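Novice: sequence first, predicted model second:
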Amino acid sequence: MPATPDLIGWPVGRLRTLPREARDTLFLLGVIAWVLLPQVSRLPLWCNLLATAVLVWRGTLALQAKPLPSPWWVLGLLVLAVAGTVLTHSTLLGRDAGVTLIAVLLTLKTLELRAKRDAFVIFFLSFFALLTNFFYSQSLLTAAAMLLSLLGLLTALVNAHMLVGRPPLLQAMKTAGYMTLLGAPIMALLFVLFPRLAPLWGIPSDGLSGRSGLSSSMQVGAIASLALDESVVMRIRFDSPIPPPSDLYFRGPVFSSFDGREWRPQPGRLGNDFTPRLQAPADLQVGGGAVRYEVTLEPTNRPWVFVLDAAPDKPQLPAVPLFMSTDLQWLANRPLTDITRYQAISYPVFRHGPLRRVIGLQDELELPAGFNPRTLALAAEIRRDPRYAQAGGLQLAQAVLERLRTQGYGYTLDPGVYGSNSADEFWFDRKEGFCEHIASAFVILMRALDVPARVVTGYQGGARNPVDGLWTVRQSDAHAWTEIWEAERGWLRVDPTSAVAPGRVGTGQRLVAPQGLVGQALGNVISPGLVASLRNGWEAINSRWNQWVLNYTQSKQLDLLKNLGFQSPSWHDLGYLLCGLLVLASLLGAAWTLWERSQHDPWLRTLQQVRQRLRKAGIATPEHSSPRQLATLLAQQTDQTWAAGLADWLLRLEAWRYAPQNMLIQATPTLATLQRELRQLAWPR
């Protein structure tokens with residue numbers, strides 16, 4: 001159809017015919033929109049609507065060549081924006097309120113884009129708005145998007161300095177790219193050597209909000225929401241053989257207190273300031289072979305340091321005090337709000353806890369009154385069975401696990417909403433649930449059988465990335481299991497989910513939510529193996545980004561100095577080395593500039609000197625006139641004394657440049673001789 005190319009080509013043709021001011025304005029508005037795009041999900045709805053409306057309004061004015069609105073419009077919108085910020089964030093200070101104001105001010109400033117000064121204000125506001133994206137994410141994808149934004153802003157800035165004509169944006173973009181390449185070595189040097197001194201370096205304390213993940217409490221059904229979250233929690237590099245999947249339990253919060261609806265840590269064990277209280281010895285004893293590994297933990301905004309069960313020694317996390325609770329959970333003295341790397345040593349074979357009943361174990365038997373009456377009745381029925389009248393905790397646990405295996409219980413992502421009697425519903429009504437449903441019902445039944453028990457949460461399993469060889473643990477690997485107490489043996493891990501779904505623990509099988517029509521269609525077009533390979537490759541690249549860029553700490557800077565020969569390096573040495581290299585780079589740049597100047601054509605430089613001296617003498621000379629043209633111009637001068645000599649010199653200068661080699665004679669002077677003669681010629685006074 002002939003109309004289709006016209007419809008497609010109309011916008012491009014229209015843009016090509018726009019005046020330069022309109023074209024440059026539309027380009028700048030597009031760059032601003034790209035800078036603010038990553039913030040859309042974080043900005044208030046009214047801010048997104050206002051910013052979009054202002055940018056569209058300003059673009060329409062540019063297309064239609066209409067005048068800008070009255071300053072009263074801008075002032076009124078600014079008052080509304082400030083009021084909206086205060087109502088939304090209850091302040092004008094802080095990260096979120098500040099980013100909201102920057103987004104509004106940047107877009108409103110485009111309504112005052114009348115002169116170059118206004119453009120420069122917009123440029124530098126845009127650079128600042130670009131940096132605010134890193135308050136929320138420092139991922140490789142964010143860095144790539146902001147690099148594109150940087151090139152766009154530099155292109156607009158270079159274009160603003162091209163005052164004559166209508167230079168193509170591609171030319172300004174090439175210049176901006178060249179400037180970026182020239183600045184890249186200095187940027188890399190500053191990144192590697194600039195001392196990372198808190199609080200001058202890093203994200204502010206509110207710079208990272210907690211990501212979705214395990215919580216400090218557990219409601220029945222909460223972990224099921226993580227089963228579909230494929231985001232990475234941690235990457236592990238094992239320095240010893242990887243344990244079998246059934247031993248890959250990464251310990252997190254331990255819950256002993258139950259109010260009928262929610263599991264929480266036992267009150268009084270940990271204070272709000274993450275310092276241990278009422279601590280009793282964990283009495284941890286390990287055996288078997290040690291597993292050595294290094295963990296790169298994504299930001300959690302929690303103090304939990306996940307380790308493989310069980311780690312008797314403190315993980316190596318520089319500059320962060322750690323302690324282990326009586327529940328074997330390692331905790332930091334503050335929330336971990338950035339990517340954290342630490343080394344640990346664990347022993348899959350271990351024993352912990354008291355060997356006989358002590359006062360503290362009574363906390364692991366408490367059940368709220370008035371909840372789960374049928375489960376309590378089931379416990380009484382089991383106790384009346386002669387086989388279990390005098391049975392210990394481990395024997396009773398085996399009986400409950402056998403019930404799970406043989407009486408039709410299932411493992412599902414969508415068990416429905418449980419009520420207040422969650423254990424009764426699981427054991428008698430629904431007979432299906434996710435790991436936390438099973439673990440919670442199991443602990444309630446074991447406590448009803450007078451067996452101390454508790455819920456342990458964390459991550460179980462994971463998968464090896466074949467690209468970089470790192471073991472990857474995701475939010476979908478979140479898991480809940482249990483521990484029961486047995487006399488003379490202490491606390492024992494019992495995972496009731498393994499009785500319902502052995503593949504979940506034994507081979508790391510995961511439940512997958514049913515795909516919609518779009519997912520099924522994509523699955524028919526794109527091979528799942530290709531998708532998995534692309535994801536593994538992307539995650540391997542992200543892992544390198546995290547290790548080499550985001551996790552480049554002061555300790556790594558000092559290690560670099562040690563490799564360079566410094567005995568006891570400090571941040572002062574970093575400063576001295578950085579200053580020395582910057583001075584050296586400046587001297588090299590100056591030397592390169594001098595060398596480049598010396599490489600310019602000396603013949604052209606000499607001819608340009610003649611033109612300049614003639615202009616000073618009052619003789620108008622064209623900018624690119626040749627020596628013969630200048631000689632002709634001099635022949636018209638009334639004072640032939642100096643003009644004739646200079647004209648003859650110009651003809652000899654031309655002959656030196658353009659005469660064929662076979663016409664040159666030995667008497668032809670060199671360029672150096674011609675330059676000396678020029679200095680000796682007479683000039684008009």
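Specialist: Ah, there it is.
Novice: got the contact list for the nearest residue to Y136 once chain neighbours are set aside?
Specialist: Leaving aside its sequence neighbours, Y136 sits nearest to R42 (CB to CB, 6 or more residues apart in numbering; 6.1 Å). Bear in mind the C-beta positions are built from the backbone N, C-alpha and C, glycine included. By CB atoms under 8 Å, 6 or more residues apart in numbering, the contact list for R42 reads 96, 99, 136.
Novice: who wins for neighbours among these?
Specialist: The most crowded member of the contacts of R42, judged by other CB atoms under 10 Å, is V99 (22 neighbours).
Novice: before we move on, back to that, ramachandran angles for the residue nearest to Y136?
Specialist: phi -110, psi -20 (degrees, to the nearest 10).
Novice: how far away is it from L140?
Specialist: To L140, R42 is 19 Å away according to CB to CB, to the nearest Å.
Novice: A65 now?
Specialist: 42 Å.
Novice: look at the two and report which has more neighbours.
Specialist: Neighbours were counted for A65 and for L140 using other CB under 10 Å; L140 has more, 17 against 10.
Novice: which non-adjacent residue is nearest the more buried one?
Specialist: The shortest distance from L140 to any non-neighbouring residue, by CB to CB, 6+ apart, is to W545 (4.3 Å).
Novice: contact partners for that neighbour?
Specialist: Contacts of W545 by CB under 8 Å, 6+ apart are 139-140, 143.
Novice: over to L153?
Specialist: Neighbours of L153 in contact, by CB under 8 Å, 6+ apart: 31, 35, 123, 126-127, 130.
Novice: could you do W304 as well?
Specialist: By CB under 8 Å, 6+ apart, the residues touching W304 are 214, 252-253, 329-332, 336.
Novice: try it again with 10 Å
Specialist: By CB atoms under 10 Å, 6 or more residues apart in numbering, the contact set of W304 is 213-214, 216, 250-253, 274, 297, 329-332, 335-336, 457-458.
Novice: apply the buried test to those and list what passes.
Specialist: 213-214, 250-253, 274, 297, 329-332, 336, 457-458 (16 or more other CB atoms under 10 Å).
Novice: kindly indicate which of those residues lies nearest Y658.
Specialist: L297 (72.5 Å; CB to CB).
Novice: where's that closest one relative to C435, distance?
Specialist: 22 Å.
Novice: and if you look at F250?
Specialist: 14 Å.
Novice: using TSV, lay out the contacts of R42 together with distance to W46, pLDDT and secondary structure.
Specialist: Shown next, in TSV, are those (distance: CB to CB, whole Å; pLDDT from 0 to 100; DSSP: H, G, I helix; E, B strand; the rest coil):
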residue	distance to W46	pLDDT	secondary structure
D96	14	83	helix
V99	14	87	helix
Y136	19	79	coil
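Novice: out of the residues you listed, who's nearest L157?
Specialist: V99 (22.6 Å).
Novice: pull the number of nearby residues for the closest residue to the closest one other than its chain neighbours.
Specialist: The shortest distance from V99 to any non-neighbouring residue, by CB to CB, 6+ apart, is to T132 (4.9 Å). Number of residues near T132 (other CB under 10 Å) recorded here: 18.
Novice: now swap in D118 and tell me
Specialist: D118 has 15 nearby residues by other CB under 10 Å.
Novice: list the residues that contact it.
Specialist: 68, 109-112.
Novice: who's in contact with F255?
Specialist: Counted by CB under 10 Å, 6+ apart, F255 has contacts 216-218, 262-266, 327, 436, 439-440, 443, 454-457, 480.
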